[in-house]
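J.: what follows is a predicted structure for the sequence shown.
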Amino acid sequence: MELRPTDFMILDRLREGRNVGANLAIELDRNRGYINNQLSKLATLELVRRVGPSENGGLYELTDRGDAAVTYREMYKDESVDFAALLNSELNTSESPETNAEAAEE
């Protein structure tokens, strides 16, 4: 998982609430196309997700995985840490017993 400083800036902004690429580009003083590419990459990594009435509406929100990435961002820089495994571990330990029981039933 390769994240850039701008990716963490985007995740930070989405911690404040849902937003669209055009607004994020202005807020972060970055090119709109670049921000849209980064949002696409972050969505592939399941750090953000597209929401809204339209699948192509461009409204994004932070996922639990994205929130964990922001929380543990300092560990991302530590080469001895497998950041993706850390996020997976954090998400698995934070799931409630009810969620685990429902998943087992499916």
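T.: Everything's here; your move.
J.: ranges for the helices of this protein?
T.: Assigned by DSSP state H, the chain shows helices spanning 5-15, 21-28, 32-44, 64-71, 73-76, 83-94, 97-105.
J.: could you dump those to TSV with mean neighbour count and mean pLDDT?
T.: C-betas here are computed from N, CA, C, even on glycine. Shown next, in TSV, are the helices of the chain (neighbours: other CB atoms under 10 Å; pLDDT from 0 to 100):
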stretch	mean neighbour count	mean pLDDT
helix 5-15	18	97
helix 21-28	16	96
helix 32-44	16	95
helix 64-71	19	95
helix 73-76	14	92
helix 83-94	14	89
helix 97-105	9	47
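J.: doesn't Leu87 make contact with Val81?
T.: No - contact criterion CB atoms under 8 Å: Val81 and Leu87 do not qualify, at 10.5 Å.
J.: residues in contact with the residue nearest the centre of the chain?
T.: By CA atoms, centre = their mean, the chain has its centre lying nearest to Leu47, at 2.1 Å. Applying CB atoms under 8 Å, 6 or more residues apart in numbering to Leu47 gives the contacts 7, 11, 62-63, 65-66, 69.
J.: how near is it to Leu62?
T.: Relative to Leu62, Leu47 is positioned 7 Å away (CB to CB, to the nearest Å).
J.: shared neighbours, those two?
T.: With CB under 8 Å, 6+ apart as the test, Leu47 and Leu62 both reach Leu11.
J.: okay, Ser96: pLDDT?
T.: Here the pLDDT value assigned to Ser96 is 52.
J.: again, but for the one 10 residues further on
T.: Reported pLDDT at Glu106 in the predicted model: 48.
J.: with Leu3 instead?
T.: Leu3 is given a pLDDT of 94.
J.: is it correct that it is in contact with Tyr72?
T.: No - the pair Leu3 / Tyr72 is not scored as a contact, 11.3 Å apart, by CB under 8 Å.
J.: which one's more surrounded, the two?
T.: Leu3 (18 against 15; other CB atoms under 10 Å).
J.: circling back: just tell me which of the helices of the chain ends up closest to Gly58.
T.: helix 21-28 (5.6 Å; CB to CB).
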